[in-house]
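Trainee: how would this look folded up:
(one chain, ligands or ions: 1)
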Amino acid sequence: MQQQLRWGEVRVRQPAGRGSGVATAPAHLVLPHHLQSRKTSPSEPTEWPIVGHLLSLAANIHNFHDWATGVLAGSGYNFEARLGLTGLRFFLTCDPSNVRHVFTANFANYPKGDKFTVIFDVLGGGIFNSDGESWRRQRVKTQTLLADPRFRAFTARCCRDKVARSLLPFLAHAADTGRPCDLSDVVLRLSFDMTCTLVFGVDPGCLATGLPVVPFMRATDDALETLFLRYITPMALWKLMRRLNVGPERKMAAARRAIDSFVAETVARRRADKAKDEGAAATDGDDDDSAAADLLSSFLSDEESSSTSDEFIRDTMVNFLVAGRDGIAVTLSWFFYLVSANPRVEQKLLGELSLVVAARNNNGGAAAGGSAADTTTSGSGAVTFDASETHSMAYLHAALCESLRLYPPIPFEHKTAAAADVLPSGKELEAGDQVLFFTYSMGRMEGVWGKDCAEFRPERWLTAEGRLRHEPPYRFFSFNAGPRTCLGKQMVFVQMKTVAAAVLWNFAVDVVTGHAVEPKLSIVLHMKNGLAVRVRRRDDVMGHGRS
Ligand code: HEM
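Mentor: Numbers count the residues shown, from 1 in each chain. Model prediction:
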């Protein structure tokens, strides 16, 4: 029987006198270098002639994040992916020393770059999409807006109210009917409503009864989905689709129209309200202390904003929306999934919450900084927690960090070298070389997080005294590192702890048996099949309730 040939091997005629027929010879003996398949370790994908690593990528695309993690683990945290004759190559890394170098030490050599700006055109000239002086100015302004004590108080209040008025009643209804729900959709709607309230001062009502389709939310979903396709499609091709208004680019154009018209209407309304308020204040001779604290209002009340174009305001607000809406939702989805699979952690979280409730009861029923009536029970009779109470919950904080380590909402970061450079791992980069930093993989490397790196173990974030342990951002990279570190980190913990505490205390969350939970291939680490769960009221959970 004729022997099956492997890729990269070729049949050669046996020289006369050594028998007839064909025999196989290693490709490197007969093919030019660029036509040979190459592989230096078993975990490394094979590099085929003409297509490079594309075949391996295509074969593993359904399991991309874990496959890439295996490749990086097997190749010492660094790997160069080459896409054959396209000439494209990407250096993949999850090496903390490379992160520290690129994001901090040699930050100036790694701007977002033109490619990012072109792909993410929906972000306009906003902070995510800018470099240099424009970025620096926007960062200072954003820092000021987010650090304003009025905005912080508004964030805590909005989140607690939304949890009490929408989330807990929704879950109570799901528990009473016993029907499963997609918790990842529920928290995405919650986070979209909260983020729109904080950014625009408008709650679009995505988490209303019946979970309605909200065109503005649908438009942002469509835009994010198309952005990922742009990332993996040759630029000339998606630009052609954009010109012809076909395929995903048609969806993107419609999404942009919907986003732009929502933002334009909201900005116009707010400018009109502001003019009215100023007119009234001039008549009364009174300054308005109760002015709205959302970011758009604060932005417009700034002196300079009267000369700021509507286009720039649109870009700024869309960037805030994109920053806020997915991170919280994605983190909470994975958090509830991990907690439901780890009863030991769940019990420790309930134990920590019991102490808060006991302290509240000793205090006459009032949470610190608020009255008992508006901070402890929602309309459905469920208990909510105030930011002043969740602030001290170190174990809950640690469990959220642990979730962010294993499932970072932004699973990879992309940088292009402006000038030639040598990375600490030894990799020599030329100007224009692209580097992909695999945050998802870094959270799963034994050399970085220890032998138990695959386990969900919040204790790794705590000192022996139970205080939070600081992890440098180049190891815990979920919020980025260096001068472009996430500006929303402090506020998202306030929001996520408020949501997580209320859900955990009032409900037991069980993932529906047989439901396959896996990451989606996207620029954001959503769940591919959602998170089908059943919720039960804690009061009804025998032998599993809180102490
Ligand atoms: C769990 C939730 C969140 C996570 C995991 C997260 C993570 C990140 C990451 C990885 C980046 C770097 C993105 C890049 O440059 O490619 C970033 C940037 C940023 N984040 Fe967040 N983020 C979250 C929530 C928020 C929220 C709620 C806000 C508030 C509006 C926010 C504001 C920002 C801003 C303004 C930047 C840009 C910083 C700059 O380029 O200088 N983030 N975030």
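
Trainee: quick one: contacts for residue 118?
Mentor: residue 235 (C-beta atoms under 8 Å, 6 or more residues apart in numbering). No exception for glycine: its C-beta is placed from N, CA and C like everyone else's.

Trainee: Helix, strand, or coil at residue 102?
Mentor: Classification of residue 102 using DSSP: H, G, I helix; E, B strand; the rest coil returns helix.

Trainee: For residue 67, the count of nearby residues, please.
Mentor: 17 (other C-beta atoms under 10 Å).

Trainee: what about the residue of the stretch 401-547 of the chain found nearest the ligand, neighbour count?
Mentor: Taking C-beta to the nearest ligand atom, the ligand has its nearest neighbour within the stretch 401-547 of the chain at residue 488, 2.1 Å off. By other C-beta under 10 Å, the residues close to residue 488 number 19.

Trainee: now swap in residue 265 and tell me
Mentor: 11.

Trainee: State the mean pLDDT of the longest helix seen in the chain.
Mentor: Using DSSP state H, we find that the single longest helix of the chain is helix 248-284. Average pLDDT, helix 248-284: 84.

Trainee: Show me which residues of it are buried.
Mentor: 248-249, 251-252, 254-256, 258-260, 262-263, 266-267, 270-271, 274 (16 or more other C-beta atoms under 10 Å).

Trainee: excluding its backbone neighbours, what's nearest residue 395?
Mentor: Excluding its sequence neighbours, the residue lying closest to residue 395 (C-beta to C-beta, 6 or more residues apart in numbering) is residue 352, at 4.7 Å.

Trainee: List the contacts of that neighbour.
Mentor: 393-396.

Trainee: Now do stretch 388-397, average pLDDT.
Mentor: On average, stretch 388-397 scores 96.

Trainee: can you list the residues that contact it?
Mentor: Under C-beta under 8 Å, 6+ apart, the answer for stretch 388-397 is 348-349, 352-353, 356, 359-360, 367-370, 458, 461-462, 466-468, 493-494, 497-498, 500-501.

Trainee: coming back round to it: farthest-separated two in the contacts of residue 352?
Mentor: 394 and 396 (7.4 Å; C-beta to C-beta).

Trainee: of these two, who's got more company?
Mentor: Taking other C-beta under 10 Å, residue 394 and residue 396 do not tie; residue 396 has more neighbours (24 against 18).

Trainee: Now the terminal residues of stretch 453-464, how far apart.
Mentor: Terminal residues of stretch 453-464 lie 19 Å apart, using C-alpha to C-alpha, to the nearest Å.

Trainee: Just the buried positions in that stretch, please.
Mentor: For stretch 453-464, using 16+ other C-beta under 10 Å, the buried residues are 453, 456-458, 460-462.

Trainee: do the same with stretch 293-305
Mentor: 293-300.

Trainee: Check the burial of residue 144 by counting its neighbours.
Mentor: So residue 144, with other C-beta under 10 Å, has 12 neighbours.

Trainee: what's the answer for residue 311, then?
Mentor: 13.

Trainee: Quick check: the residue lying closest to it once chain neighbours are set aside vs residue 316, distance?
Mentor: In space, and not counting its chain neighbours, residue 311 is closest to residue 124: 6.9 Å by C-beta to C-beta, 6+ apart. Noted for residue 124: a distance of 9 Å to residue 316, by C-beta to C-beta, to the nearest Å.

Trainee: quick one, which of those two is more surrounded?
Mentor: A direct count of neighbours by other C-beta under 10 Å for residue 124 and residue 316 places residue 316 higher, at 25 against 18.

Trainee: Please give the element, helix or strand, for that one.
Mentor: Using DSSP states H and E, residue 316 falls within helix 310-340.

Trainee: by contact count, what packs against that helix?
Mentor: The helices and strands touching helix 310-340, judged by 3 or more C-beta pairs under 8 Å, 6 or more residues apart in numbering; DSSP states H and E, are helix 183-200, helix 215-232, helix 248-284, helix 295-301, helix 343-362, helix 394-406, helix 489-506, strand 507-511.

Trainee: quick one: whatever residue of the stretch 151-300 of the chain ends up closest to the ligand from residue 475, how far?
Mentor: Per C-beta to the nearest ligand atom, residue 195 is where the stretch 151-300 of the chain lies closest to the ligand, at 6.9 Å. According to C-beta to C-beta, residue 195 and residue 475 sit 28 Å apart.

Trainee: tell me which residues in the helix or strand that residue 157 is a member of are buried?
Mentor: Take DSSP H and E as the rule and residue 157 turns out to sit in helix 149-162. Neighbour-count burial for helix 149-162 flags 151-152, 154-162 (criterion: 16+ other C-beta under 10 Å).

Trainee: I'd like the mean pLDDT over the helix or strand that that helix is followed by, please.
Mentor: With elements assigned by DSSP H and E, the helix or strand that comes after helix 149-162 is helix 168-177. Helix 168-177 shows an average pLDDT of 95 in the prediction.

Trainee: tell me the angle helix 168-177 makes with helix 489-506.
Mentor: 30 degrees (axes from the mean of the first three to the mean of the last three C-alpha atoms, to 10 degrees).

Trainee: tell me how far helix 168-177 is from the chain's mean position?
Mentor: Chain-centre distance of helix 168-177: 27 Å, with C-alpha atoms, centre = their mean, to the nearest Å.

Trainee: got the angle between that helix and helix 149-162?
Mentor: 20 degrees.

Trainee: Buried residues in helix 168-177, which are they?
Mentor: Neighbour-count burial for helix 168-177 [16+ other C-beta under 10 Å]: 168-172, 174-175.

Trainee: That one packs against which elements?
Mentor: Partner elements for helix 168-177 (3+ C-beta pairs under 8 Å, 6+ apart): helix 489-506, strand 532-537.

Trainee: Just put those in JSON lines and tack on mean neighbour count.
Mentor: As requested, the helices and strands packed on helix 168-177 are arranged in JSON lines below (neighbours: other C-beta atoms under 10 Å):
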{"stretch": "helix 489-506", "mean neighbour count": "22"}
{"stretch": "strand 532-537", "mean neighbour count": "20"}
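
Trainee: about what we covered before: mind checking the backbone torsions on the residue nearest to residue 311?
Mentor: Main-chain torsions, residue 124, degrees, to the nearest 10: phi 50, psi -140.

Trainee: So it is in contact with residue 315, correct?
Mentor: Yes. Counting by C-beta atoms under 8 Å, residue 124 touches residue 315, with 3.3 Å between them.

Trainee: and the stretch 251-400 of the chain, which residues reach the ligand?
Mentor: The stretch 251-400 of the chain comes close to the ligand at residues 320, 323-324, 327-328, 331, as judged by C-beta under 6 Å from any ligand atom.

Trainee: With respect to the ligand, which of these is nearest?
Mentor: residue 327 (2.4 Å).

Trainee: Next one: that closest one from residue 479, what distance?
Mentor: 9 Å.

Trainee: And those two? Which one has more around it.
Mentor: Looking at residue 327 and residue 479 with other C-beta under 10 Å, you find the greater number of neighbours at residue 327, namely 26 against 18.

Trainee: Isn't the more buried one up against residue 488?
Mentor: Yes. At 7.4 Å, residue 327 counts as touching residue 488 under the criterion of C-beta under 8 Å.

Trainee: Which residue is the nearest non-sequential neighbour of the most centrally placed residue in the chain?
Mentor: For the chain, the residue nearest the mean C-alpha position is residue 409 (2.4 Å; C-alpha atoms, centre = their mean). Closest residue to residue 409 apart from its sequence neighbours, by C-beta to C-beta, 6+ apart: residue 330 at 4.0 Å.
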